[in-house]
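Peer 1: sequence? don't have it. structure:
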Ligand code: HSE
């Protein structure tokens, strides 16, 4: 029986999940493939760190060359994370005509198209199912099951940490910092949670998904990003009164004028399927001209769920190795980039103003909105004390630039004491 040999680079959470799943399901996987699939080497810097007994035939190695120069290894699996060293290893493996699986979104959002070109040039495969949304099989779905569709929009909850925080704030009334602390205690958020809460992690994932769905060379820097650190209980409560729930969304939308790419906290109707995605779960809502709407839901992180995606890539490549058909994949990226500035995208907005509680103030606010051609859909007024009131306003769809202009004019209006917040509202 033929054997396809694999090397892992890294043995952290994802590396161990991959290895454990391959071990747990070895017979099933061999049976399904019709040949043996075996991890034979695991590259780590310090093997002593790992208190595991590896099965016979598997060893830790501490030099990359023992993998790159091993002709029996066809597939190299990069599960180390980080950009600089991971890039060196992936590039060296592709140059050595090894097929590569990577789970590294940071690397792909920066160098993905270049690495894809290199794989094609070297006649090998590069796969990265686990780089986005952990255990949800979305990459292959986009480039395979849905490849006959013209995708028009992706809307995703792409970060479990922020979805956990916003769920806690919305359902239990916790503050942002209390919710973040719980996310850290449960191991969702890192000690330095910047990449999650500032939307950077979601923006990397959106860049990768949009590259495939819209066939363009999209990078992290192409995505407009806002995080969730300024989201306040007050806005969550007003949003609920208007029938909305708040989510950190990654949105890639094809418009007549170009592709718009945004990661930002937004209100969505509580009736929208994405509103029911709670806690650390992820989901992607896909609109295509064949499928209409479809939603993919599951665990966005974790050892075995992410390992499941890595294993699916290893199996796909192993089949290609067995059939001597690696490197046949046509690269995704062939269209002009043609991006559309976020400021021009039309949307409804929610605004919270803290105003002087006196006669005529509402009329002044309304006239500023009218000057900017912004139509109002709903207003809630709540008196805070004798002198101060809160106005929560929902506008009709308008360009973001109109909203920025009206905020500027509110800042010059004495009776508006502060603009508390401005949050985009997704159409139903
Ligand atoms: N930190 C990410 C999240 C998981 O919270 O979803 C890895 O991308």
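Peer 2: Cool, got the structure. This structure is a prediction, so every number in the text was calculated from the model and none was measured. Numbering: from 1, shown residues only.
Peer 1: from here on, just use CA atoms for contacts and neighbour counts.
Peer 2: OK.
Peer 1: tell me the secondary structure for the residue in the stretch 251-400 of the chain positioned nearest to the ligand?
Peer 2: Using CA to the nearest ligand atom, residue 301 is the residue of the stretch 251-400 of the chain that sits closest to the ligand, at 5.0 Å. Classification of residue 301 using DSSP: H, G, I helix; E, B strand; the rest coil returns coil.
Peer 1: check contacts around it.
Peer 2: Contact partners of residue 301, counting by CA atoms under 8 Å, 6 or more residues apart in numbering, are 133-135, 160.
Peer 1: confirm that residue 16 sits in a helix.
Peer 2: Yes. With three-state DSSP as the criterion, residue 16 is part of a helix.
Peer 1: which residues sit in contact with it?
Peer 2: Residue 16 sits in contact with 303, 307, where contact means CA under 8 Å, 6+ apart.
Peer 1: please report how far it lies from residue 33.
Peer 2: 22 Å (CA to CA, to the nearest Å).
Peer 1: over to residue 2?
Peer 2: 10 Å.
Peer 1: please apply the same query to residue 334.
Peer 2: Taking CA to CA, one finds residue 334 at 32 Å from residue 33.
Peer 1: more neighbours, these two?
Peer 2: Of the pair residue 334 and residue 33, residue 33 is the one with more neighbours under other CA atoms under 10 Å, namely 15 against 12.
Peer 1: SS state for residue 366?
Peer 2: Of the three states, residue 366 takes helix under three-state DSSP.
Peer 1: same check, this time on residue 403
Peer 2: helix.
Peer 1: mind listing what it touches?
Peer 2: Neighbours of residue 403 in contact, by CA under 8 Å, 6+ apart: 349, 372, 374.
Peer 1: out of those residues, which are close to the ligand?
Peer 2: Applying CA under 6 Å from any ligand atom, the subset of those adjacent to the ligand is empty.
Peer 1: got a winner among those for most neighbours?
Peer 2: Within the contacts of residue 403, most neighbours by other CA under 10 Å means residue 349, with 23 neighbours.
Peer 1: can you tell me how far it is from residue 128?
Peer 2: From residue 349 across to residue 128, the span is 36 Å (CA to CA).
Peer 1: with residue 370 instead?
Peer 2: According to CA to CA, residue 370 stands 49 Å off from residue 128.
Peer 1: quick one, which of those two is more surrounded?
Peer 2: residue 128 (24 against 13).
Peer 1: from what I see, the more buried one and residue 313 are in contact.
Peer 2: Yes. Residue 128 lies in contact with residue 313 (CA atoms under 8 Å); the separation is 7.1 Å.
Peer 1: joint contacts of the two?
Peer 2: Counting by CA under 8 Å, 6+ apart, the residues touching both residue 128 and residue 313 are residue 101.
Peer 1: can you list the residues of the chain near the ligand?
Peer 2: Residues of the chain lying near the ligand (CA under 6 Å from any ligand atom): 159-161, 188, 196, 300-301.
Peer 1: name the nearest of those relative to residue 173.
Peer 2: The nearest member of the residues of the chain next to the ligand to residue 173, counting by CA to CA, is residue 161 at 16.9 Å.
Peer 1: so who does the closest one touch?
Peer 2: Contacts for residue 161 (CA under 8 Å, 6+ apart) come out as 183, 188-189, 196-197, 280.
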